[in-house]
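Visitor: Sequence first, predicted model second:
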Amino acid sequence: MLRLGVEVVLIDTEGRARSAEIEVDGQRLVVEDGVSSAERAADPGPIGEARFQVILVEPDSWERAVSKNPAREQKLEHLQGWRYRGYGEIVAIDPVRIDLGVLTLQLGLSADTPDRVGQYAAIEIDRIRVFRTPA
């Protein structure tokens, strides 16, 4: 989910289901390409109505995830390839949505208690995949 007025731009891609570089609100990210067709890599430029799918490493506990972000940061820290550590505020719990500053991502997990809304956590992201929203 993007903030209103934020544009996603495809910078470069190796093709569908492969590595792609995008820019979101001035931040470059390495993601999995869900924009290109199977036959042809997408041309660089604005993606339009982009959406994101996240594949993550589940936290071993929400207590530990919250304890790993005591500074209450909101950012994506690039680790390697298309792996990231996300720091952000939990804005919904079923499923969990976390505001990482540049993106708000739905994680496909449920939190252990409603009290998690408003808390800050750190999560391990295995992959972010970018798609175009169908017209």
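Guide: It's in.
Visitor: Could you find the closest non-adjacent residue to A42?
Guide: In space, and not counting its chain neighbours, A42 is closest to S36: 4.2 Å by C-beta to C-beta, 6 or more residues apart in numbering. Yep, even glycine has a C-beta here, placed from its N, CA and C like the rest.
Visitor: dump the residue contacts of that neighbour.
Guide: Counting by C-beta atoms under 8 Å, 6 or more residues apart in numbering, S36 touches 13, 15-16, 20, 42.
Visitor: So it versus G88, what's the distance?
Guide: Using C-beta to C-beta, to the nearest Å, S36 is found at 28 Å from G88.
Visitor: same deal with R116?
Guide: 12 Å.
Visitor: With neighbour numbers in mind, choose between the two.
Guide: Counted by other C-beta atoms under 10 Å, R116 and G88 do not tie: G88 has more neighbours, with 24 against 20.
Visitor: ok, then the element right after the host helix or strand of that one?
Guide: Element membership for G88 (DSSP states H and E) is strand 83-93. With elements assigned by DSSP H and E, the helix or strand that comes after strand 83-93 is strand 96-99.
Visitor: List the buried residues of the helix or strand that comes right after that following strand.
Guide: Downstream of strand 96-99, the first helix or strand assigned by DSSP H and E is strand 104-106. Residues of strand 104-106 classed as buried: 104-105 (neighbour count, 16 or more other C-beta atoms under 10 Å).
Visitor: same check, this time on stretch 52-68
Guide: 52, 54, 56, 59, 62, 65-66.
Visitor: Great, nothing more from me.
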